[in-house]
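Asks: missing the sequence, but the structure's below:
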């Protein structure tokens with residue numbers, strides 16, 4: 001994004017990304033159990049058991065055995081986000097290699113998916129090769145496949161030549177802008193040219209297959225993880241030495257997930273699937289266990305030792321232990337009739353009905369795949385006088401493809417982009433109005449606090465799009481609620497930025513510093529660190545005029561995926577002369593799994609493959625005298 005915008009490292013957190021594990025959800029009619037697939041995986045060189053399956057179009061497809069030509073079998077699912085991102089890539093690979101005698105088959109093993117849903121999913125993604133359901137997980141079980149998105153390449157003799165991921169774009173909790181290794185394509189070329197496959201097995205980091213319970217398999221619960229063990233060791237009235245006690249969804253889990261999960265995982269929001277009731281959580285128990293156990297969800301990256309935040313999404317130790325323990329105990333429902341009705345979430349505008357709505361001038365077509373540069377759209381406000389904004393919200397037109405939005409005020413006195421100015425002057429000329437990112441709330445200021453939009457201003461709407469495997473279009477907008485009554489404090493967004501850093505190739509960690517000195521007494525409201533793919537960690541520290549230092553925020557594992565805004569639970573007074581110091585570290589080595597290219601020298605730039613170092617923060621300052629909303633008087637700039 002440009003100097004007034006943002007991005008996020010390690011790609012879009014898709015709620016189900018994690019390391020390969022051997023335990024999978026087992027879903028049957030009225031029964032959920034947990035079981036092990038057995039030792040290891042079916043390795044390279046083995047001949048796999050053969051199967052004959054009915055396709056969704058009524059034909060037959062044969063898998064395994066001596067078929068005389070190579071076959072790629074992909075295990076697909078209708079609502080696995082990473083799996084869906086790979087569908088266009090598979091379709092393209094099929095087009096490229098079917099003319100060279102390679103067959104492709106898509107198998108859908110998830111227990112809950114119907115043949116009709118599978119057929120529609122395949123149609124929507126343009127799948128032109130054979131599609132079938134893996135009823136009862138027969139193939140997945142026999143071939144020991146655990147994840148949606150795993151591909152198995154069989155040679156003409158029915159032996160495994162490659163199994164694993166399609167490429168290396170996705171890693172644990174992360175993704176690159178573009179893959180650097182195309183494992184499946186490389187394996188296909190080797191098989192077709194009679195060479196040995198260089199990489200025969202790779203890890204798959206997508207959704208666990210949602211399995212049924214096979215006959216004769218005994219349910220086996222995994223041992224308690226460290227969160228539960230630690231909680232059990234604590235001496236408290238709630239948890240005794242016997243453990244957490246019997247946990248149920250209705251009594252123990254639902255009160256947690258209602259607050260921590262459903263803000264994103266509900267219809268119309270950014271979560272890639274809904275989590276609104278018991279069956280939703282039971283069906284996705286293995287994915288939930290992974291991301292909660294690994295600390296990936298809910299997404300919150302602040303070091304808990306510093307600061308208190310009004311929008312803290314993190315789980316307490318007890319909440320984490322409760323979620324993990326409920327899954328380990330077998331996911332009892334409890335009295336579902338006692339669960340209160342689901343909250344009535346506002347559709348669209350969470351700030352209430354805006355006084356003013358400003359929309360992108362035209363829709364933008366988002367391609368199915370690839371990296372889309374930051375898009376910038378100018379919108380005239382038509383304001384004939386200064387306007388004071390009490391609340392603002394950037395609203396995606398299509399949440400599925402909008403990674404984040406930042407909106408900036410272009411003052412009519414600064415219409416031209418004066419590139420020769422220093423960054424701070426340019427940022428003050430185009431102040432940030434509001435941003436949108438998954439899970440974050442809009443800007444809402446307290447009584448008497450508002451942001452100023454000068455008369456005649458334009459808004460610049462910057463949008464970072466994230467393709468999802470199918471073409472979409474977006475027309476995002478901005479809603480404003482105007483201040484009513486006296487405004488005594490003006491809200492301002494500033495940034496401590498460093499534009500002069502250089503990240504040498506194959507180097508890290510690299511420290512980069514920036515600072516901003518407060519020109520007036522102010523009250524700090526929020527903090528928003530910003531880097532791109534190579535950002536590793538970020539810290540804010542206040543140095544007060546009396547020499548006292550205080551760490552305001554530490555983000556030890558910066559995540560390019562989430563445009564987290566950290567809103568202080570209480571405004572912090574920072575007197576004139578207070579210096580906001582920021583320290584960031586960058587990793588431009590090959591060990592950074594999302595580094596677009598560790599062999600490049602990297603500097604400041606707009607695109608996510610460039611870098612930025614900005615410590616944004618919101619604060620408010622007292623006006624010389626209160627302003628009656630809408631009347632341009634007494635504004636101190």
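Replies: Perfect, thanks for sending it. Computed from a predicted structure; not experimentally measured.
Asks: helix or strand for the nearest residue to residue 195 once chain neighbours are set aside, which one?
Replies: In space, and not counting its chain neighbours, residue 195 is closest to residue 189: 7.8 Å by Cβ to Cβ, 6 or more residues apart in numbering. (Each C-beta comes from the backbone N, C-alpha and C, glycine too.) Per DSSP states H and E: residue 189 is located in helix 183-192.
Asks: Can you tell me which helices and strands that helix packs against?
Replies: helix 81-98, strand 151-154, strand 160-164 (3 or more Cβ pairs under 8 Å, 6 or more residues apart in numbering; DSSP states H and E).
Asks: what do you get if the cut-off is 6 Å, keeping everything else the same?
Replies: The elements that helix 183-192 packs onto, with contact taken as 3 or more Cβ pairs under 6 Å, 6 or more residues apart in numbering; DSSP states H and E, are strand 160-164.
Asks: Show residues contacting the strand it packs on.
Replies: If you take Cβ atoms under 6 Å, 6 or more residues apart in numbering as the criterion, strand 160-164 is touched by 44, 46, 152, 153, 155, 187, 191, 197, 200, 201, 202, 204.
Asks: beta partners for the third one?
Replies: In this case it means residue 152. Here residue 152 sits in beta bridges with residue 73, residue 163, going by DSSP bridges.
Asks: If I follow the layout properly, it ends up in contact with residue 72?
Replies: No - counting by Cβ atoms under 6 Å, residue 152 does not reach residue 72; the two are 7.5 Å apart.
Asks: Now for residue 398: which residues touch it?
Replies: Counting by Cβ under 6 Å, 6+ apart, residue 398 makes contact with 472, 474.
Asks: helix/strand/coil for it?
Replies: coil (DSSP: H, G, I helix; E, B strand; the rest coil).
Asks: With residue 142 instead?
Replies: On the three-state scheme (three-state DSSP), residue 142 is labelled helix.
Asks: Quick check, it in contact with residue 50.
Replies: No - with contact defined as Cβ under 6 Å, residue 142 and residue 50 do not form a contacting pair (9.4 Å).
Asks: can you list residues touching both of the two?
Replies: Contacts common to residue 142 and residue 50, judged by Cβ under 6 Å, 6+ apart, are absent.
Asks: The residue nearest to residue 435 when sequence neighbours are not counted and residue 376: what is the separation?
Replies: Nearest residue to residue 435 in three dimensions, chain neighbours excluded: residue 406, at 4.4 Å (Cβ to Cβ, 6+ apart). Between residue 406 and residue 376 the distance, using Cβ to Cβ, to the nearest Å, works out to 10 Å.
Asks: So between these two, which is more surrounded?
Replies: residue 406 (28 against 15; other Cβ atoms under 10 Å).
Asks: Who does the strand or helix carrying that one pair with, and is each partner parallel or antiparallel?
Replies: Here residue 406 sits within strand 402-410, counting by DSSP H and E. For strand 402-410, the paired strands and their directions (DSSP bridges) are strand 432-436 (antiparallel), strand 458-465 (antiparallel).
Asks: average pLDDT across the helix or strand following the last one?
Replies: Read in the C-terminal direction, the helix or strand following strand 458-465 is strand 472-474, with elements assigned using DSSP H and E. When pLDDT is averaged along strand 472-474, the result is 93.
Asks: now for strand 472-474, which elements pack on it?
Replies: If you count contacts as 3+ Cβ pairs under 6 Å, 6+ apart, strand 472-474 packs onto strand 364-366.
Asks: contacting residues around the strand it packs on?
Replies: The contact list for strand 364-366, computed with Cβ under 6 Å, 6+ apart, reads 375, 401, 465, 472, 473, 474.
Asks: how far out from the middle of the chain is that strand?
Replies: Centroid displacement of strand 364-366 relative to its chain, using Cα atoms, centre = their mean, to the nearest Å, is 20 Å.
Asks: Give the pairing partners of it; include direction for each.
Replies: strand 472-474 (antiparallel).
Asks: So what are the sheet partners of whichever helix or strand comes after the strand it pairs with and their directions?
Replies: Scanning forward in sequence from strand 472-474 by DSSP H and E, the next helix or strand is strand 477-482. Taking DSSP bridges as the criterion, strand 477-482 forms sheet pairs with strand 356-359 (antiparallel), strand 387-395 (antiparallel).
Asks: I'd like the ones you listed as a markdown table, with mean neighbour count appended.
Replies: Formatted as a markdown table, the strands paired with strand 477-482 follow (neighbours: other Cβ atoms under 10 Å):
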| stretch | mean neighbour count |
| --- | --- |
| strand 356-359 | 16 |
| strand 387-395 | 23 |
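Asks: TSV for those strands, including distance to residue 212 and mean pLDDT?
Replies: Shown next, in TSV, are these (distance: least, Cβ to Cβ, whole Å; pLDDT from 0 to 100):
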stretch	distance to residue 212	mean pLDDT
strand 356-359	47	94
strand 387-395	40	94
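Asks: picking that back up, common neighbours of residue 406 and residue 376, please.
Replies: Each of residue 462 lies in contact with both residue 406 and residue 376 under the rule Cβ under 6 Å, 6+ apart.
Asks: where does residue 292 fall, phi/psi-wise?
Replies: Main-chain torsions, residue 292, degrees, to the nearest 10: phi -80, psi -40.
Asks: So in the protein, which strand runs the longest?
Replies: The residue-count maximum for a strand in the chain (DSSP state E) belongs to strand 614-628.
Asks: Just the buried residues of that one, please?
Replies: 614, 615, 616, 617, 618, 619, 620, 621, 623, 627 (16 or more other Cβ atoms under 10 Å).
Asks: what does stretch 352-369 give?
Replies: If you call a residue buried by 16+ other Cβ under 10 Å, then stretch 352-369 has these buried ones: 354, 356, 358, 359, 360, 364, 366, 368, 369.
Asks: which among these gets closest to residue 336?
Replies: For those, the residue nearest residue 336 by Cβ to Cβ is residue 354; the value is 37.4 Å.
Asks: so what's residue 437 up against?
Replies: 404, 563 are the contacts of residue 437 under Cβ under 6 Å, 6+ apart.
Asks: returning to what we had before: and the strands paired with strand 402-410 as CSV, adding mean pLDDT, mean neighbour count and distance to residue 488?
Replies: CSV is the format used below for the strands paired with strand 402-410 (pLDDT from 0 to 100; neighbours: other Cβ atoms under 10 Å; distance: least, Cβ to Cβ, whole Å):
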stretch, mean pLDDT, mean neighbour count, distance to residue 488
strand 432-436, 91, 24, 20
strand 458-465, 93, 22, 25
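Asks: Can you add distance to residue 542 and give these back as TSV?
Replies: Listed next are the strands paired with strand 402-410 as TSV, based on distance: least, Cβ to Cβ, whole Å:
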stretch	distance to residue 542
strand 432-436	21
strand 458-465	29
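Asks: for these, which one sits closest to residue 127?
Replies: For the strands paired with strand 402-410, proximity to residue 127 was assessed by Cβ to Cβ; strand 458-465 is nearest, at 23.7 Å.
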